[in-house]
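**Q** sequence and predicted model, in that order:
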Amino acid sequence: HRAQRLSIYVCRAISTYLPQREAALACAILLGERQGMNDDLEQAFSGSGLIHLMAVSGMHVGIFYLMCSWFMFTFLRLPKKTSTLGILLMLWAYALLTGLSPSVVRASGMFSLAAAGKLWSRQASSYNLMSASAWIQVWFDPLLPTQPGFLLSYAAVFGILFLHPRLFSLFWFKNKWLDKAWELSSLSISAQWFTLPLVLFFFHKFPVYFLPANLMVVPLSAPALIGTLLLALLSAVPPLAKIFAHLLSALLYCINEITIWIAALPHAQSTGWYWTKIDLFMALALIALIPLGWLIHIKWARQASWSIAIAWYVVGLVQLMKLSSSNAFYVFEGYGQGSAAVREGRQGWVWRHTEDSMVFGSNDPLSHEGVQHPTTINHKGVVWIRWNNKTALWVSQWNEDRLTEMPMADVLILESKWKKETILRLAYNY
């Protein structure tokens, strides 16, 4: 609770000197707090592939670790043991302040183990550090591997450790800036490569322009994080804080505008990716085998990747054939003021309460089952649905004094907030 109160205090101090939109981004970058951010801006970060900037992760912890190292070793010039202890204390204080999310704990654990190894003059394997931090987290919370954040965090780190050195070595540029751009691009591709199946499985969409977005915005995120931290410290000296806030505000404004521009580009997101667990496992196998076969040139991995790709294609065809010959009826909770759908093969019909209710798009089960453009039907009061030799009565409005006059049906859908006594009377009549 103390850490949460301190986090709120820091956000308030930042908000005092920055415009509302820039202050919301600053709090998100420094602490992972998104409460002050409007939905449109958050959607822009998600659609451009930059949502990771708003969730404190290994990148943020790494920047903070470098800042602490410079402060202890270079600025204060303290002894090695004292500096290492101070760095670890500040690192875990920052992790506590940001809420101890799986990605923060993973990064803090890896940096802590690496710092301890340096203190004893021992060089640990990055894979061992990653495995140790994962094992410690799962020891305290065995259900962590079921959370998307935990899986995405370690998938991204593994991609960076395994794929990035090999991918970066494929090209070399004499120009320093081109080489740096390729280094950042290969880093982003490596992380995205191993997180792609998980992103599609859990979130059903993919940011198409993630590479140019990361190339333009990620270099600005480090000075934004450092600047936000300095502004929080300078808030104790208002005159200095006001001067510094103008510079930081301009930087945060650029990040916001670039993100919004990228998210507004045509086809910025590829949506409608509804995968089954079979699809996920097939994709994960391909993601692992393709680098082994084409970058490390392992013959069996190349052959296995072709076999899995063909098997995945056949499984997809079988699933499509089953869907084309099957029917289904859905009742959805939380879609506007009531929605239901009928699917016959790859054709679909959606019923909704009013024109203001949610219209089904690509992120719904009908799209997952091959229905791209369902027919939308608006209804009010009572609607009678006859389908597949069954009848469904959808009631959104009805006079409770006339329950006995309600028509009979195989399925009864009650939309309004009916009283318990009324439902019992209705069940008795049925």
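**A** Perfect, I can see it now.
**Q** any low-confidence regions in the stretch 1-150 of the chain?
**A** Along the stretch 1-150 of the chain, the model assigns pLDDT under 70 to residues 1-3.
**Q** host element of residue 16?
**A** helix 2-17 (DSSP states H and E).
**Q** list the buried ones in that helix?
**A** For helix 2-17, the neighbour count (16 or more other C-beta atoms under 10 Å) marks 7, 10-11, 13-15, 17 as buried. All C-beta spots, glycine's among them, are computed from the backbone N, C-alpha and C.
**Q** any idea which of these is the one closest to residue 279?
**A** Relative to residue 279, the closest of the buried residues of helix 2-17 is residue 7; by C-beta to C-beta it sits at 38.6 Å.
**Q** re the thing from before, what helices or strands is the helix holding residue 16 leaning on?
**A** helix 20-31, helix 80-97, helix 210-234, helix 238-263 (3 or more C-beta pairs under 8 Å, 6 or more residues apart in numbering; DSSP states H and E).
**Q** just the ones you listed: most buried one?
**A** Stretch with highest mean neighbour count among these: helix 20-31 (a mean of 23; mean count of other C-beta atoms under 10 Å).
**Q** how far does that helix sit from its chain's centre?
**A** Relative to its parent chain, helix 20-31 has a centroid offset of 18 Å by C-alpha atoms, centre = their mean, to the nearest Å.
**Q** centre-most residue in the chain?
**A** residue 51 (6.7 Å; C-alpha atoms, centre = their mean).
**Q** that one and residue 37, how far apart?
**A** In this view, residue 51 and residue 37 are 11 Å apart by C-beta to C-beta, to the nearest Å.
**Q** all strands of the stretch 101-250 of the chain, in order?
**A** Counting by DSSP state E, counting those that start in this stretch, one finds strands in the stretch 101-250 of the chain at the ranges 205-207.
**Q** could you pull out the helices for it?
**A** For the stretch 101-250 of the chain, the helices defined by DSSP state H, counting those that start in this stretch cover 102-119, 126-140, 148-162, 164-168, 176-203, 210-234, 238-263.
**Q** report the buried residues of stretch 31-39.
**A** Of the residues in stretch 31-39, 31-34, 36-37 count as buried by neighbour count, 16+ other C-beta under 10 Å.
**Q** between the two ends of it, how far is it?
**A** Terminal residues of stretch 31-39 lie 18 Å apart, using C-alpha to C-alpha, to the nearest Å.
**Q** what does that stretch rub up against?
**A** Contact partners of stretch 31-39, identified using C-beta atoms under 8 Å, 6 or more residues apart in numbering, comprise 7, 10-11, 15, 20-21, 23-25, 27-28, 42, 54-56, 97-99, 101.
**Q** now with 6 Å, please.
**A** 7, 11, 24, 27-28, 54-56, 98 (C-beta atoms under 6 Å, 6 or more residues apart in numbering).
**Q** name the residues of the helix or strand that residue 306 is a member of that are buried.
**A** For residue 306, the host element (DSSP H and E) is helix 299-324. Residues 301-302, 304-305, 308, 312, 323 are the ones in helix 299-324 that count as buried (16+ other C-beta under 10 Å).
**Q** how deep is residue 326 tucked in, by neighbour count?
**A** Look at residue 326: counted by other C-beta atoms under 10 Å, it has 11 neighbours.
**Q** now do residue 154
**A** There are 21 residues near residue 154, going by other C-beta under 10 Å.
**Q** distance of it from residue 326?
**A** Distance of residue 154 to residue 326, computed by C-beta to C-beta: 37 Å.
**Q** returning to that earlier point: now do the helix holding residue 306: distance to the chain's middle.
**A** Distance, centroid of helix 299-324 to centroid of chain: 27 Å (C-alpha atoms, centre = their mean).
**Q** could you do stretch 58-70 as well?
**A** So, by C-alpha atoms, centre = their mean, the centroid of stretch 58-70 is 22 Å from its chain's centroid.
**Q** export that stretch as CSV, just CAs?
**A** Output of stretch 58-70 as CSV, limited to C-alpha atoms (Å, rounded to 0.1, in the frame of the first residue of the first chain):
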residue,chain,number,x,y,z
GLY,A,58,12.8,-5.3,-19.2
MET,A,59,13.6,-2.3,-21.3
HIS,A,60,12.5,0.1,-18.6
VAL,A,61,14.3,-1.9,-15.9
GLY,A,62,17.5,-2.0,-18.0
ILE,A,63,17.5,1.7,-18.5
PHE,A,64,16.9,2.2,-14.8
TYR,A,65,19.7,-0.3,-14.0
LEU,A,66,22.2,1.7,-16.2
MET,A,67,21.2,4.9,-14.5
CYS,A,68,21.7,3.4,-11.1
SER,A,69,25.1,2.0,-12.2
TRP,A,70,26.3,5.4,-13.5
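**Q** can you give me the buried ones in it?
**A** By neighbour count on 16+ other C-beta under 10 Å, the buried set for stretch 58-70 is 58-61, 63-65, 67-69.
**Q** looking at the residues you listed, which is nearest residue 280?
**A** Checking those one by one against residue 280 (C-beta to C-beta), the nearest turns out to be residue 58, at 23.3 Å.
**Q** for that closest one, give me its contacts.
**A** Taking C-beta under 6 Å, 6+ apart, one finds residue 107 in contact with residue 58.
**Q** report how many residues lie close to the nearest residue to residue 148 once chain neighbours are set aside.
**A** Distances taken as C-beta to C-beta, 6 or more residues apart in numbering put residue 202 closest to residue 148, at 4.6 Å, once the chain neighbours are dropped. Using other C-beta under 10 Å, residue 202 is surrounded by 15 other residues.
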